[in-house]
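Engineer: missing the sequence, but the structure's below:
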């Protein structure tokens, strides 16, 4: 996670630039990205600052004016059904990703993928020519990309959408979380094979050579899989070999069958556990051992304290964004036993 720190700081710098330009939407996006990469107090403070800013004015892309039909021209033939139009309107009026896919919030991956396949086929740009079908197709792709990714789904359930829709407009679900693949590529991943639609040079075309490509991939699949698994096999082998030459640690911070005897450090009275033959087998310095015990114990406490603070801050942020007073009071009263213990030890 430390390797993401520089990238997170760059996101914060970009967000500060957008804050100065009064671009609330873009600032929030980059601050959330910074928090996912490497949580910092600086990003949290900026999020609170941005939350009280007025919403930025979004500029809509200029729309082409439809030319009035000439007297001699016959009206264009409608190339979509009312059912297709109704489906597009339904998707674009949904409030969250679960509603888009018509699944519950505890749906499994297989249920989410099954729902995506059913809806995506009906919204495919080559089959559905209704106005807004392309945006609806992208929204469905974005929904399945987020809900089938463990981390993105966790963040989505906790924070919701990065941009909260207002009462007079629907949320643009083709934005928000940045998925690793485009909706078109995602569709091809789910429906890969022959006689399916592929997008080439900006136009949808029917793929005719899918079976030949699958045949070539099948021939090379065995060797490719072995090469990919080779580093894992080597790592497991080295781990097994090294385990024969590594002796057990001299102590444990938790009571178990191997370490049944409790001791306390002289300095901070931190409990730790050793083997029954500790006095006869251990030949090192007890003072240094107890310094290691205290260092590990405090490190664990700091880590737990950080998690407790992060959880509380997340609740506070969510409560302020949604105006939930009950959630805000719950966050203020949330217990942080690890932080309290650190404070008692006066080492925080």
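Structural biologist: Great, that's in hand. Just so it is clear, the structure is predicted and the values come from calculations on it, not from any experiment.

Engineer: where does the stretch 201-348 of the chain have low pLDDT?
Structural biologist: For the stretch 201-348 of the chain, the stretches flagged by pLDDT under 70 are 201-222, 241-246, 346-348.

Engineer: Would you mind naming the helix or strand containing residue 273?
Structural biologist: strand 271-274 (DSSP states H and E).

Engineer: Now the closest residue in space to residue 334 that isn't next to it in sequence: phi and psi?
Structural biologist: Once flanking residues are discounted, residue 334 sits nearest to residue 312: 5.0 Å by C-beta to C-beta, 6 or more residues apart in numbering. For the C-beta atoms, the positions are set from N, CA and C on the backbone; glycine is no exception. Dihedral pair for residue 312: phi -70, psi -40, per degrees, to the nearest 10.

Engineer: Give me the neighbour count for residue 312.
Structural biologist: 18 (other C-beta atoms under 10 Å).

Engineer: do you know how far it is from residue 44?
Structural biologist: 11 Å (C-beta to C-beta, to the nearest Å).

Engineer: Likewise for residue 11?
Structural biologist: 13 Å.

Engineer: which of the two has more neighbours?
Structural biologist: Using other C-beta under 10 Å as the criterion, residue 11 and residue 44 rank with residue 11 on top: 22 against 19.

Engineer: That one against residue 38, yeah?
Structural biologist: No: the criterion here is C-beta atoms under 8 Å, and residue 11 misses it with residue 38 at 9.2 Å.

Engineer: can you give me the helices for the stretch 201-348 of the chain?
Structural biologist: Here the stretch 201-348 of the chain has its helices, by DSSP state H, counting those that start in this stretch, at 210-243, 278-281, 286-322, 325-332, 337-345.

Engineer: Actually, the stretch 1-150 of the chain.
Structural biologist: 5-20, 24-37, 41-51, 82-92, 97-101, 109-123, 133-147, 150-159.

Engineer: ok, and which of the ones you listed has the densest surroundings?
Structural biologist: Mean neighbour count (mean count of other C-beta atoms under 10 Å) peaks for helix 133-147 among the helices of the stretch 1-150 of the chain, with a mean of 24.

Engineer: Report the angle between it and helix 150-159.
Structural biologist: Angle, helix 133-147 to helix 150-159, by axes from the mean of the first three to the mean of the last three C-alpha atoms, to 10 degrees: 100 degrees.

Engineer: Just list what helix 133-147 packs against, helices and strands only.
Structural biologist: The helices and strands touching helix 133-147, judged by 3 or more C-beta pairs under 8 Å, 6 or more residues apart in numbering; DSSP states H and E, are helix 82-92, helix 97-101, helix 109-123, helix 150-159, helix 183-190.
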